[in-house]
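Undergrad: next come a sequence and a model predicted from it.
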Amino acid sequence: MTIDNPAAPAHHFAMSFLKLDARDIAILRVLSTDGRISKSALADRVNLGASACGDRLARLESAGVIAGYRAEVALRRLAPHVTVFVMAELSSHKAAAFQIFEAAIERHAEITGCWALGGGYDYLLQVITRDIDSYQRLMDVILAEGVGLARYFTYVVTKAIKDSPPPFDILHPSATD
């Protein structure tokens, strides 16, 4: 496993990618659906010895390919909640305006995801909170903070249809070797 960057295309922003083989991808595929699997069971599933599998796992973790482990919590079983996606547009498109907005987003625990976008809107936010009233209070606070939010569009999730691991077979050619 080595860093591979033979003249990366411009759309990759000159980022170095880890060279992975089919076994590395198999490890990632298993962990993306079963992060609690034991190392010995993982080794069995990917047809490697425990030591070799452990070495690969350690390299994937230290290289940052495996960014962490966490539980998928079924919020519907825990408490009433609402998930809202918000398309946000800033009033200014200067670097400082983006930095101010992004710093403000970090301060709100209810905002569980935020992505900068190219195209029409500037950001897509994922908000998980108790109800629509608490969502609106959050948006009122953000507007009052004066963080450059020009307008926003609210989309309430009524039903989750699909939430799956990345398509390793499409993203990495070694996935099917």
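TA: Done, it's in. This is a predicted model, so every value here is computed, not measured. Residues are numbered from 1 along each chain as shown.
Undergrad: CA atoms for contacts and neighbours, from now on please.
TA: Fine.
Undergrad: all helices for this structure, in order.
TA: 22-33, 39-45, 50-62, 75-78, 95-106, 132-144, 168-171 (DSSP state H).
Undergrad: pipe these into JSON lines and attach mean neighbour count and mean pLDDT per row.
TA: Output for these, formatted as JSON lines (neighbours: other CA atoms under 10 Å; pLDDT from 0 to 100):
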{"stretch": "helix 22-33", "mean neighbour count": "18", "mean pLDDT": "93"}
{"stretch": "helix 39-45", "mean neighbour count": "16", "mean pLDDT": "95"}
{"stretch": "helix 50-62", "mean neighbour count": "15", "mean pLDDT": "95"}
{"stretch": "helix 75-78", "mean neighbour count": "9", "mean pLDDT": "90"}
{"stretch": "helix 95-106", "mean neighbour count": "14", "mean pLDDT": "97"}
{"stretch": "helix 132-144", "mean neighbour count": "14", "mean pLDDT": "97"}
{"stretch": "helix 168-171", "mean neighbour count": "12", "mean pLDDT": "83"}
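Undergrad: can you lay out the ones you listed as a markdown table showing distance to Ser16?
TA: Output for the helices of the chain, formatted as a markdown table (distance: least, CA to CA, whole Å):
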| stretch | distance to Ser16 |
| --- | --- |
| helix 22-33 | 17 |
| helix 39-45 | 27 |
| helix 50-62 | 14 |
| helix 75-78 | 37 |
| helix 95-106 | 25 |
| helix 132-144 | 36 |
| helix 168-171 | 15 |
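Undergrad: quick test: name the residue nearest the centre of this protein.
TA: Gly113 (7.6 Å; CA atoms, centre = their mean).
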